[in-house]
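In: compute the structure for the input listed below.
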Amino acid sequence: MKIRIKGNFLRYRLTRSDVALFAKEGYIAEQTEFGEQTLTYSLQQSSGGQLSATFANNQITFFMSAAMADEWTSTERVGFEGMYGHLHLLIEKDFKCLDDVTEDQSDNYPNPLAAGKD
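Out: Just a heads-up that it's a prediction; the model follows:
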């Protein structure tokens, strides 16, 4: 799972195995260590009807309704987007990059634009 933050924009991208684990468990988390502190970012299924997020105790928690989670994990739907107060939220499946990168992308979703690339 990847996180991207820019201003009030929060985006998560999940690989195929991340999405499968989220579908099974309803929760997934990653951690980044900053010296003696750890940032945890997680995705959690919730009973709410919209996307939402919290930040407390060095943890960002992104909430997705059960209905959204079911649609997202069991179909070809790429993601969901919404506003939560002033925070713009986006959750999406992680596609393989079209350009050369050193990052392991073997677990990413096939990029639908790859067929048109020479």
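In: list the contacts for residue 46?
Out: Applying C-beta atoms under 8 Å, 6 or more residues apart in numbering, we find residue 46 in contact with 52, 63, 64, 65, 66. Using the backbone N, CA and C atoms, a C-beta is placed for each residue, glycine as well.
In: ok, residues contacting whichever strand or helix holds residue 69?
Out: Secondary structure assigned from DSSP states H and E places residue 69 in helix 66-74. Defining contact as C-beta under 8 Å, 6+ apart, one finds that helix 66-74 is touched by 19-20, 22-23, 26, 45-47, 49, 51, 64, 77, 79-80, 91, 93.
In: return the lengthiest strand in the chain as CSV; C-alpha atoms alone will do.
Out: Ranked by residue count and defined by DSSP state E, the top strand of the chain is strand 37-46. These are the backbone C-alpha positions of strand 37-46, laid out as CSV (Å, rounded to 0.1, in the frame of the first residue of the first chain):
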residue,chain,number,x,y,z
GLN,A,37,8.6,7.4,16.0
THR,A,38,6.4,5.4,13.6
LEU,A,39,3.8,6.6,11.2
THR,A,40,1.1,4.0,10.6
TYR,A,41,-1.3,4.4,7.7
SER,A,42,-4.3,2.1,7.4
LEU,A,43,-7.4,1.4,5.4
GLN,A,44,-10.4,0.1,7.4
GLN,A,45,-13.9,-1.0,6.4
SER,A,46,-16.6,1.0,8.2
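In: just the angle between that strand and helix 66-74, please?
Out: Following axes from the mean of the first three to the mean of the last three C-alpha atoms, to 10 degrees, one obtains 100 degrees for the angle between strand 37-46 and helix 66-74.
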